[in-house]
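S.K.: Sequence and computational prediction follow.
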Amino acid sequence: MHITDILVTGEPIIYGAMVSMALVGLALLFILTYFKKWKWLWSEWLTTVDHKKIGVMYILSALLMLFRGGVDAMMMRVQLAFPDLGFLNSQHYNEIFTTHGTIMIIFMAMPFLIGLMNIIVPLQIGARDFAFPYLNALSFWSFFFGMALFNISFVIGGSPDAGWTSYTPLSGAAMSPGPGQNFYLMGLQLSGIGTLATGINLMVTILKMRAPSMKLFHMPIFTWSTLVTCFIIVFAFPILTVALALLTIDRVFGAQFFTLTGEGLPMMWANLFWMWGHPEVYIVILPAFGIFSEVIATFAKKRLFGYHVMVWSMIVIALLSFLVWVHHFFTMGAGAFVNSVFSVSTMLIAVPTGVKIFNWLATLYKSKIEFTVPMLWSLAFIPSFILGGVTGVMLGMAAADFQFHNSYFLIAHFHYVLIAGTVFACFAGLVFWYPKMFGHKMNERLGKWAFWLFFFGFHVCFFPQYFLGLDGMPRRLFITNVAEWLPLNVISTIGAFGMGLGFIVFVYNVYYSFRYSERETTGDSWNGNGRTLEWATTTPVPYYNFATVPYVDEIDPYIRMKEEGKTTFEEDKVKPIHMPSYTGQPFIMMALLGLASFGLVFEWMYVAVFGLIGAVFMMIRRSFDYDDGYYVPVEEIKRTEKKARGL
Amino acid sequence: MAAEELKTGPLEYRTQEGQMTIMGFWIFLGAEVVLFATLFATYAVLFGRTADAPTPGELFEPGIVLVMTFLLLTSSFTCGLAIHEMRRGSVKGLILWMIITLALGLGFLGFEIFEFVHYTHEGATVQSAAFWSAFFILAGTHGLHVTLGVGWATLLLIQIKKRGLTNVTSRKFFIISLYWHFLDVIWIFIFTSVYLIGMVI
C-alpha cells in the first residue's frame, strides 16, 4: 500500500496540521533528549500507579483535547460567520463537527472529571490509594491510546463525518466507507474500557477504603457525586460497548444489525446510543455538581445546606437518567403515547435539579462570601446553568420539540448546560485543588482575567444561538448565508473567540504560576477554610497521602480537627505503610491493544491479530505476577512529614 | 492496601485486598449483566427478521442444545465442588474438580462450534440477516466468555501447582468460580429465550 493512500491529502489546513504536529513532536523529542528526561518520563510517569500522578496526566490530556475541540469549534464559527469565504468545504465541516462533539464529551469532559476524581476522592475519604492501582493505570492508558487513535484520524485515513451520535444507516459501511467511522468506533471502544474499569475501581475504593468510622453519609459531597457517577458508568457503559461492537461487526464483518438490507433496524442504533448517551450526560454533570458544592461551602464558610437532600437528589437524578433516552428522537416517529411518557420522565429531572439549585442558594444565604477564582466559576454557574435547564424543559415538551429539534436552539441549550455545568466545574475544581497537585496556587489576578473573558465569551457566543434556532437555523449545516441569520452568527463567533482568549490566559496562568506563585507550606491552602480531609494532609501531598488516618464520624471532619489541634501526623501512631510498586505493564498492554484497534480501523487483520495476541500475552504475564508492593518504613514517613510540616 | 490478615473465615476473604477484589468482581459482573441484557434486547428486537435466510424454527434442534445445556449445568456443579474442596483445604480436590469443569466446558464449546458450522452450511450466517447477526453475536459472546474462562482457569491451575493454596490463589479461584456460575446463568436465559422460543415460534 502506498503512503498517499493512508495519509489525508489535498487540504491546506490538514497539511498545516501535519507540519505543526511534526514540529511539536520533534520539539518534544529534542527537549526530552537534550535535558536527558527520557528515564524520568518512564520511571516517574509512564510506569506510575500513583492516583495523583495518573489524575494529573488525565487533566493534561483533557486540556490538550479542550484545545483541539476548541480549535474545531472556532473553525466552524469562522465558516458560519463568513459563509461566502469558503473557509471549509462541506466534507471538512462534517468532519469537524463530528470530532468536536466526540472529543469534547468523551476525551475532554469525562477525563477532566475523572482526573479530578483520581486525585481528590482518595484524599477526601482518607485512603492511601485506589482499591486497584494497577487497574487505574490500565484505565488511563486505555483512555490515552483511545484518544490518540481518534485524533490521528485527522491526518491518517480521514476523520469520521457522521456526527458524534454516528447514526445508522449514515455511519454504516454502505454510506460511510473507509476508515473514518472505524476510527470513531475503535477510539471510543478502547477508551470506554478504561472508563468502565475506573467506575468499578472508584466504587470499590469508596465503599471499602474509607477512613475508620466514616459512614456513607459522612462522605464529602464530591465523593458522593463520584459514587453516584460510577454507578451510572457501570450500568451505562456496557450498552455503549455493545452498540460500538455491533456497528463494528456490521462495518467490518458485514453483519446486518443496522443495515437497510437483511432486515436490519437502523433505529436500533439510536436507541442503544442514547440508552448510554443520556446517562452519559449525567456522568459529566453530577461530578460537576459535586465540585460546585465543595467550592460553595468552602468559600461561603458554611456547611452545605441540605447535605442529605443533595445526596438523595443526585441518586434520583441518576435513576431518572436511564428512563428518558427517547427524548433524543421525539421526531423520529415513536408515536404520541411513547413521546408523552418520555416527555414527562424528562421533565421530572428538573425537580431534583431545582432542589439542588435552591440548596446552593441557601448555602450562600447570609454567608460571608470570599470571591476567589473557583468561587467565581461556581457563582457564574448558577444563573448560566438555569438558562440551560429551563430551555431544556422547553425541549422536553415533545410537541414543542418538533419545532426546536435539530435547530440552533438545541445547540444553545446543551452548550449552556455542558459548558456552564461541566466546563465551569472543571476550571473551578482545577483551580480549587491545584495546590494539592503542585504545591502552589494559580495566580488569582490572571485567573480572574481568564474567568471574565471565558464567561462573557460564553454568553455572547451561545445566547444568540437560541434566537438563531427560533429563526429556523438548522444545525450541522455549513452554508448559512441567509441574510437575517448573519448578524447573530457574527456575534456568536466573536463570543467563541472570547472563550478561546480566556483559555489562552488560563494556560498562560499555569506557566506563570509555576514560575512565580508562592510555594505552599501548609496543607490548608484557602486561608484555612478547608472543610474536608484532603486539606488535612500536607501540600504537595506525600505519595502515601496520610501518615496517620484520622477517625471520622461527621461531615466536614477537618473543621473539628482544626479546633482540637489534631493533624494527620500523630508521631507515636505511625506504622509502616503498604504501597503498590510502579510497573510499565499497563502502558505496554494498552499500547498493544491500541495497535490492534489501529489494525481493525484499516481492516488489516494481521496487524489486529498481532496486537491482540500481544495484549493477551501481557494479560497472562499479569496473571502470573505476584508482586505485592512494598512497605514504607516508619523512619521515612517521619522524615517526610517533619520536612513537609517544618517541624 | 492494608496487608493485615484475619485469622478466621474463608482464605480469600482474610485480607482487605482479597475482599476488595471480590467486591470489584461482583460489580464487574453487574456490568456484564448489562452487556448481556443489551444483547438479549437486540436479539428480541431483531427476532424474526430473517430476510431470505432460514428461520430459527427450521434450524434449531432440541437434541444438541439439550446436551450443551446438560454439559454446562453440570460444569457449574463441579465448579462448586472444586470450591468446596478448596474451602476444605484440599489442593488435590480443587485441581481434580476444576479439570473436570474445564473438560465439560470444552465439550460445550465443541458442540457450539459444531452447531455454528452446521447453521452456516444451511445458509444462516452473521451476514445473511439481522436475526442471524443477533443470534450469532449473542450466543457467540457467551461462547467467547466460556473460551476465556477455560484459558483463564488453565493459567490458575498452573499457578496453584506452583504456589499452593494462599490468600491470592484462593481468591483467584473463587473469582473464576463466580465467573463460571455467571456464564451458566446467562446460558439458562439463552436456552429459554433463544432456543426454546425459537423452536416454538
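M.R.: Thanks, I have the structure now.
S.K.: in the sheet, who's paired with whichever residue of the stretch 501-647 of chain A sits closest to chain B?
M.R.: Residue nearest to chain B within the stretch 501-647 of chain A: A:His578 (4.6 Å; Cβ to the nearest Cβ). No exception for glycine: its C-beta is placed from N, CA and C like everyone else's. In this entry, A:His578 is beta-bridged to A:Tyr631, by DSSP bridges.
S.K.: need the residues of chain B near chain A, please.
M.R.: When proximity is defined by Cβ under 8 Å from any Cβ of the partner chain, chain B lies next to chain A at B:1-3, B:16, B:19-21, B:23-24, B:27-28, B:30-32, B:34-35, B:38-39, B:42, B:45-46, B:49-51, B:126-134, B:137, B:152, B:155-156, B:159, B:163, B:168.
S.K.: now, which of those lie within helices?
M.R.: If you go by DSSP state H, the residues of chain B next to chain A have B:16, B:19-21, B:23-24, B:27-28, B:30-32, B:34-35, B:38-39, B:42, B:45, B:130-134, B:137, B:152, B:155-156, B:159, B:163, B:168 in helices.
S.K.: Generate a PyMOL selection restricted to the buried entries among these.
M.R.: Selection of buried members from these for PyMOL, criterion 16 or more other Cβ atoms under 10 Å in any protein chain shown:
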select buried, chain B and resi 16+19+20+21+23+24+27+28+30+31+32+34+35+38+39+42+45+130+131+132+133+134+137+152+156+159+168
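S.K.: where does the stretch 301-450 of chain A dip in pLDDT?
M.R.: Under the criterion pLDDT under 70, no range of the stretch 301-450 of chain A is flagged.
S.K.: in it, what residue is nearest chain B?
M.R.: Across the stretch 301-450 of chain A, no residue is closer to chain B than A:Phe322, which sits at 10.5 Å (Cβ to the nearest Cβ).
S.K.: excluding its backbone neighbours, what's nearest A:Phe222?
M.R.: Using Cβ to Cβ, 6 or more residues apart in numbering or on different chains and skipping the chain neighbours, the partner closest in space to A:Phe222 is A:Gly290 (3.8 Å).
S.K.: per-residue pLDDT, B:Glu4?
M.R.: Per-residue confidence at B:Glu4 stands at 65 (pLDDT).
S.K.: oh, I was asking about A:Lys39
M.R.: A:Lys39 is assigned 92 on the pLDDT scale.
S.K.: Neighbours of it, how many?
M.R.: 9 (other Cβ atoms under 10 Å in any protein chain shown).
S.K.: That one is in what secondary structure piece?
M.R.: Per DSSP states H and E: A:Lys39 is located in helix A:38-40.
S.K.: next structured bit after that helix?
M.R.: Remark: after helix A:38-40, the chain's next helix or strand is helix A:51-81, criterion DSSP H and E.
S.K.: Distance from stretch B:74-85 to the middle of the chain?
M.R.: The gap between where stretch B:74-85 is centred and where its chain is centred comes out at 13 Å by Cα atoms, centre = their mean, to the nearest Å.
S.K.: just stretch A:419-429 next, same as before
M.R.: 10 Å.
S.K.: Could I get the CA-only coordinates of it as CSV?
M.R.: Presented in CSV, the C-alpha positions along stretch A:419-429 are these (Å, rounded to 0.1, in the frame of the first residue of the first chain):
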residue,chain,number,x,y,z
ILE,A,419,-20.2,24.5,29.5
ALA,A,420,-21.8,26.3,32.4
GLY,A,421,-22.1,22.9,34.2
THR,A,422,-19.1,20.8,33.3
VAL,A,423,-16.5,23.2,31.9
PHE,A,424,-17.0,25.8,34.6
ALA,A,425,-16.7,23.0,37.1
CYS,A,426,-13.5,21.7,35.5
PHE,A,427,-12.0,25.1,35.9
ALA,A,428,-13.3,25.6,39.3
GLY,A,429,-12.1,22.2,40.5
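S.K.: residues in contact with that stretch?
M.R.: Residues from elsewhere that reach stretch A:419-429 (Cβ atoms under 8 Å, 6 or more residues apart in numbering or on different chains): A:62, A:66, A:109, A:112-113, A:116, A:120, A:284-285, A:287-289, A:291-292, A:295, A:373-375, A:377-378, A:380-381, A:384-385, A:387-388, A:450-451, A:454, A:458, A:462, A:506.
S.K.: what's the pLDDT at B:Ile188?
M.R.: 96.
S.K.: Run through the residues that contact it.
M.R.: B:Thr69.
S.K.: cool, and the one 10 residues further on?
M.R.: With contacts defined as Cβ under 8 Å, 6+ apart, B:Gly198 is in contact with B:56-57, B:60.
S.K.: how near is A:Ala137 to B:Gly93?
M.R.: Using Cβ to Cβ, to the nearest Å, we find A:Ala137 at a distance of 37 Å from B:Gly93.
S.K.: Between the two, tell me which one has more neighbours.
M.R.: For A:Ala137 and B:Gly93, the more surrounded residue by other Cβ under 10 Å is A:Ala137, and the numbers stand at 30 against 16.
S.K.: just to revisit the earlier point, and for the residue of the stretch 501-647 of chain A closest to chain B, the neighbour number?
M.R.: Neighbourhood size, A:His578 [other Cβ under 10 Å]: 19.
S.K.: I'd like the distance between it and A:Ile491.
M.R.: Remark: distance between A:His578 and A:Ile491 (Cβ to Cβ) = 58 Å.
S.K.: which residues does B:Pro54 contact?
M.R.: Counting by Cβ under 8 Å, 6+ apart, B:Pro54 makes contact with B:122-124.
S.K.: and the nearest residue to it once chain neighbours are set aside, how many neighbours?
M.R.: Leaving out its chain neighbours, the residue that sits closest to B:Pro54 by Cβ to Cβ, 6+ apart is B:Ala124, at 5.3 Å. Per other Cβ under 10 Å, the neighbour tally for B:Ala124 reads 23.
S.K.: Doesn't B:Ala124 belong to a strand?
M.R.: No - read with DSSP: H, G, I helix; E, B strand; the rest coil, B:Ala124 is coil and lies in no strand.
S.K.: my read: it touches B:Leu59, true?
M.R.: Yes - taking Cβ atoms under 8 Å as the definition, B:Ala124 is a contact partner of B:Leu59 at 6.0 Å.
S.K.: Tell me who's in contact with the residue nearest to B:Pro54.
M.R.: B:Ala124 is in contact with B:53-54, B:59, B:132, B:135, counting by Cβ under 8 Å, 6+ apart.
S.K.: Is it possible to get a markdown table of these that adds distance to A:Met214 and pLDDT?
M.R.: Formatted as a markdown table, the contacts of B:Ala124 follow (distance: Cβ to Cβ, whole Å; pLDDT from 0 to 100):
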| residue | distance to A:Met214 | pLDDT |
| --- | --- | --- |
| B:Ala53 | 58 | 91 |
| B:Pro54 | 60 | 92 |
| B:Leu59 | 57 | 90 |
| B:Trp132 | 53 | 96 |
| B:Phe135 | 49 | 96 |
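S.K.: Please identify which pair of those lies farthest apart.
M.R.: The widest separation within these, taken as Cβ to Cβ, falls between B:Pro54 and B:Phe135 and amounts to 11.3 Å.
S.K.: Near the closest residue to chain B within the stretch 1-150 of chain A, how many residues? Count them for me, please.
M.R.: Taking Cβ to the nearest Cβ, chain B has its nearest neighbour within the stretch 1-150 of chain A at A:Ala131, 4.6 Å off. Neighbourhood size, A:Ala131 [other Cβ under 10 Å]: 26.
S.K.: any idea how far A:Pro586 is from A:Ile120?
M.R.: Using Cβ to Cβ, A:Ile120 is found at 22 Å from A:Pro586.
S.K.: Those two: which is more packed in?
M.R.: In terms of neighbours (other Cβ under 10 Å), A:Ile120 is the more surrounded of A:Ile120 and A:Pro586; the figures are 28 against 25.
S.K.: who are the neighbours in contact with that one?
M.R.: A:Ile120 is in contact with A:55, A:222, A:429, A:433, A:436, A:534, counting by Cβ under 8 Å, 6+ apart.
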